[in-house]
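A.B. asks: Sharing a sequence plus its predicted fold:
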Amino acid sequence: MNQQKLPNATAVLVLGIVSIVGCCCYGLPGIIAGIIALVLYKKDNELYKLNPTEYSNYSNLSTGRILAIIGIILSILYVIYVIVMISMLGWDAMKDPQLMQERIKELMGQ
């Protein structure tokens, strides 16, 4: 029997990896890539469930799903971190490292 590959398994895997790397860019690219990966996963997973013996690369699909979930979680945590830092230190301190150090010292009471 000649097994086929799932059409989007490699894309899901790549987008899962991109979602983890994208969390470092203020989180938004990671969230977007992770959501796209999960949508593609859902389509391919339904295709796989219809005939599991016909497809050979389900492990790439499930690995991509796990990476996408991890990437989304990390991205959301990073977005929350950035929001907290902006609310505590201000937007101008996020751009100026010296001002950020001064405001952190003020918050610590030094």
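C.D. replies: Received, thanks. Numbers count the residues shown, from 1 in each chain.

A.B. asks: Residues in contact with the lowest-mean-pLDDT helix or strand in the chain: which ones?
C.D. replies: Sorted by mean pLDDT, DSSP states H and E, the helices and strands of the chain end with helix 91-95, the least confident at a mean of 88. Helix 91-95 has contacts (Cβ atoms under 8 Å, 6 or more residues apart in numbering) with 85-86, 99-100, 103. Just so you know, the C-beta spots here come from the backbone N, C-alpha and C atoms, and that holds for glycine as well.

A.B. asks: Take those residues and, keeping just the buried ones, write it as a PyMOL select command.
C.D. replies: Only the buried entries of the contacts of helix 91-95 go into this PyMOL selection, using 16 or more other Cβ atoms under 10 Å:
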select buried, resi 100+103
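
A.B. asks: Could I get the buried residue list for the helix or strand just after the least confident helix or strand of the chain?
C.D. replies: Following helix 91-95 in sequence order, the next helix or strand is helix 97-108 (DSSP states H and E). Neighbour-count burial for helix 97-108, counted by 16+ other Cβ under 10 Å, picks out 100, 103.
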